[in-house]
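>>> Sharing a model that was predicted from the sequence below.
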Amino acid sequence: MSRELILVRHGETMHNVARITQGWSDSDLSERGREQVLRLAERLKAMKPTALYSSPLGRAMSTAQAIADATGLEIVPLDDLREMNYGRWEGRAFLDIRKEDEEIYKRWIVDADCPCPEGESHHDVRARLERVFAGVNSERPVLVTHGTAIRIGMTALLDIPVMSALRFAQDNAAMNVFVQRWDGQWILKVWNQA
């Protein structure tokens, strides 16, 4: 039997609607976000997941709770599933960041080791997610996390350059499914299914 790994992005938040950078800061799910996670939970229930892990940030835990209610699984919070720490950029619009911090932003989008001011780099996030993937031992776990974290995690699972994460979309309440081959390599089966 194939092992599957299901990465899920949290539902839409009030800050998502306002296009505000969240990172380790938090925002409540919007009304639309609450509806999204209920639909997502029903889809996941049909997939018969075997474990449920979540970022401890509120927006992810709210999403995980809907999944727990539908599946009966217990939520296991993991700090390493948090979103990228955007440091001083949190609470600001990315459009403003591009204008006001243009030099550092231009480095950040091409250099995997360049951190956000007082925050993390892409490589920092990838290292956290690699620890998660190595430590989760279940046949079909669901991991509830965040947009940038999922895109970076995908690069770790597929063993591709971390900065290629910038070329992949990840919608709110989207599901991503990876299947592990006989040789231990991961194959992307479903991407950004909302």
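Nice, I can see it. Since the model is a prediction, treat every value here as computed from it, not as a measurement.
>>> For the most centrally placed residue in the chain, which non-adjacent residue is spatially closest?
Of all residues in the chain, the one closest to the mean position by CA atoms, centre = their mean is His146, 2.8 Å from it. Closest residue to His146 apart from its sequence neighbours, by CB to CB, 6 or more residues apart in numbering: Glu83 at 3.5 Å. (Each C-beta comes from the backbone N, C-alpha and C, glycine too.)
>>> Tell me which residues touch that neighbour, please.
Gln22, Gly23, Trp24, Ser55, Leu57, Thr145, His146, Gly147, Thr148, Ala149 (CB atoms under 8 Å, 6 or more residues apart in numbering).
>>> with those residues in mind, which one is nearest to Cys116?
Gly23 (7.9 Å; CB to CB).
>>> I'd guess Val76 is in a strand, am I close?
Yes. According to DSSP: H, G, I helix; E, B strand; the rest coil, Val76 belongs to a strand.
>>> Just the element for Lys45, please.
Element membership for Lys45 (DSSP states H and E) is helix 31-46.
>>> and that helix, what other elements does it pack with?
strand 3-9, helix 58-71, strand 175-180 (3 or more CB pairs under 8 Å, 6 or more residues apart in numbering; DSSP states H and E).
>>> which one of these lies closest to Gly135?
Closest of the helices and strands packed on helix 31-46 to Gly135 is strand 3-9, at 12.3 Å (criterion: CB to CB).
>>> Tell me which residues are up against that closest one.
By CB under 8 Å, 6+ apart, the surrounding residues in contact with strand 3-9 are 40, 44, 47, 49, 63, 67, 133, 136, 139-147, 150, 153-154, 157, 170-180, 186, 189.
>>> Type out the ChimeraX command that picks the buried ones from these.
Here is the ChimeraX command that selects the buried residues among the contacts of strand 3-9 (16 or more other CB atoms under 10 Å):
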select :40,44,49,63,67,133,140,141,142,143,144,145,146,147,150,153,154,157,170,172,173,174,175,176,177,178,186
